[in-house]
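Trainee: Coordinates only, no sequence provided:
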């Protein structure tokens, strides 16, 4: 199996600051996203991904986000298994993103 594509929090922030329009999906549960999301991300809980595949454009890069990077990596593996190779995992998830925010 091909390794899962990843992006670091610093690179993601840099791309957003440059004005790139990115497809981002936060796969955390409702109670988690209530605490905050990366601006521009859509929310599709991990357990809803199989029934909401039509919301994920297979032709576009999509960055998946969770708390630590584990659940989003599982989603990327699932999509890769379906032949969708444009799934990218945010390494370290929201924990790494929050670490950037506290540094700024």
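Mentor: Alright, I've got the coordinates. This structure is a prediction, so every number in the text was calculated from the model and none was measured. Numbering: from 1, shown residues only.

Trainee: Can you find the helix or strand of this structure with the lowest average pLDDT?
Mentor: Sorting the helices and strands of the chain by mean pLDDT, DSSP states H and E puts helix 93-103 at the bottom, at a mean of 84.

Trainee: How far off centre is that helix?
Mentor: 14 Å (Cα atoms, centre = their mean, to the nearest Å).

Trainee: How about stretch 60-67?
Mentor: The answer for stretch 60-67 is 2 Å, by Cα atoms, centre = their mean.

Trainee: For that stretch, buried residues please.
Mentor: 62, 63, 64, 65, 66, 67 (16 or more other Cβ atoms under 10 Å). C-betas here are computed from N, CA, C, even on glycine.

Trainee: Can you get me a residue count around the residue lying closest to residue 70 once chain neighbours are set aside?
Mentor: Counting by Cβ to Cβ, 6 or more residues apart in numbering, residue 70 lies nearest to residue 93, which is 7.6 Å off, once chain neighbours are set aside. Other residues lying near residue 93 total 23 when counted by other Cβ atoms under 10 Å.

Trainee: how near is residue 93 to residue 58?
Mentor: 23 Å (Cβ to Cβ, to the nearest Å).

Trainee: what's the strand or helix carrying residue 75 in contact with?
Mentor: Following DSSP states H and E, one finds residue 75 within helix 70-81. The set of residues external to helix 70-81 that reach it, using Cβ atoms under 8 Å, 6 or more residues apart in numbering, is 1-2, 4-5, 25, 27-28, 46, 49-50, 56, 64-66, 87-90, 93.
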